[in-house]
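Novice: what follows is a predicted structure for the sequence shown.
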Amino acid sequence: MKKSLLFTMLFLFCTAGVQNAFASSDIGWRSIGGDVGLVDPDNAGSTVGFGMFADLGTMATRLHLSPQLSYWSKSEGGFGVDASVSDISLTARGKYMFAVSSGSFQPYAGAGLGLHFVTAEVTIDDQVIGGFFIPGMSTSDTQTKLGLDLGGGFVTPLSAKTDLTGDVWYTAVEDVGNFQMTVGLAYKLGK
């Protein structure tokens with residue numbers, strides 16, 4: 001009897017909390033934009049990355065939902081071997097907007113989960129070693145991986161319809177974790 005009463009009270013408490021969170025939500029298209037920046041993968045040299053993002057409004061007070069579509073690629077070669085890796089990611093990020101007195105600079109911190117479509121390719125050129133001909137070969141692999149994003153940034157208005165964004169994120173994903181610094185423009189939708 002006590003267990004069922006405790007379970008019922010816990011269920012009602014959680015349900016009330018969820019209802020309060022949804023009551024303060026305001027989901028809808030607020031802005032869309034694009035960004036460009038430096039990507040520094042864990043196992044390769046730095047490269048340039050590109051992305052598109054949106055602000056879908058608030059899930060709770062000061063907590064914005066922001067999907068992100070990003071792409072980067074890096075190629076390196078030497079001694080007859082060329083290797084490349086690329087990552088296309090689709091991430092859902094939650095961004096907590098800090099309360100500030102200035103309306104012209106809005107800092108935030110966030111976290112997110114994403115799917116990473118990682119492709120790796122290696123090409124070895126034909127070689128002659130000790131008079132023996134060794135034919136070249138090429139191989140590639142594509143995998144889908146889950147990643148965790150942690151970071152933050154800022155939003156500041158440039159005009160009534162355009163915002164400047166700056167971000168710093170670390171993406172933890174197997175074999176291709178990376179650090180990103182980006183700058184972007186967001187176009188406000190609606191009002």
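Specialist: Arrived safely.

Novice: work out for me the element the residue nearest the centre of the chain sits within.
Specialist: When Cα atoms, centre = their mean is applied to the chain, the residue found nearest the centroid is T91 (4.8 Å). In the assignment (DSSP states H and E), T91 maps to strand 81-97.

Novice: which ones are touching the closest residue to S25 other than its chain neighbours?
Specialist: Distances taken as Cβ to Cβ, 6 or more residues apart in numbering place M59 nearest to S25, at 5.3 Å, with adjacent residues excluded. Every residue, glycine included, has its C-beta placed from N, CA and C. The contact partners of M59, taken as Cβ atoms under 8 Å, 6 or more residues apart in numbering, are A21, S25, I27, L65, G94.

Novice: cool, and L56?
Specialist: Counting by Cβ under 8 Å, 6+ apart, L56 has contacts I27, G28, W29, R30, H64, L65, S66, P67.

Novice: in strands only, show me those.
Specialist: Secondary structure defined by DSSP state E assigns I27, G28, W29, R30, H64, L65, S66, P67 of the contacts of L56 to strands.

Novice: burial of the second one, as a residue count?
Specialist: Other residues within reach of G28, judged by other Cβ atoms under 10 Å, total 11.

Novice: contacting residues for it?
Specialist: By Cβ under 8 Å, 6+ apart, the residues touching G28 are L56, G57, G190.

Novice: okay, and which of the residues you listed map to strands?
Specialist: Filtering the contacts of G28 for strands - DSSP E - leaves L56, G57.

Novice: before we move on, back to that, how close does the residue nearest to the centre of the chain sit to F117?
Specialist: The span separating T91 from F117 equals 12 Å under the rule Cβ to Cβ, to the nearest Å.

Novice: cool, and G130?
Specialist: 41 Å.

Novice: these two: which is more packed in?
Specialist: More crowded of G130 and F117, by other Cβ under 10 Å: F117, with 14 against 5.

Novice: run through the bridge partners of the more buried one.
Specialist: For F117, the beta-bridge partners are I88, T144 (DSSP bridges).

Novice: residue contacts, the spatially closest residue to F98 that is not a sequence neighbour?
Specialist: The shortest distance from F98 to any non-neighbouring residue, by Cβ to Cβ, 6+ apart, is to P107 (5.1 Å). By Cβ under 8 Å, 6+ apart, P107 lies in contact with M97, F98, V100, G152, G153, F154.

Novice: for A83, same thing?
Specialist: S75, E76, G77, A120, E121, V122, T123.

Novice: ok, back up a step: which one of the contacts of L56 sits closest to D40?
Specialist: Using Cβ to Cβ, S66 comes nearest to D40 of these, at 21.8 Å.

Novice: beta partners of the closest one?
Specialist: In beta-bridge terms (that is, DSSP bridges), S66 pairs with R93.
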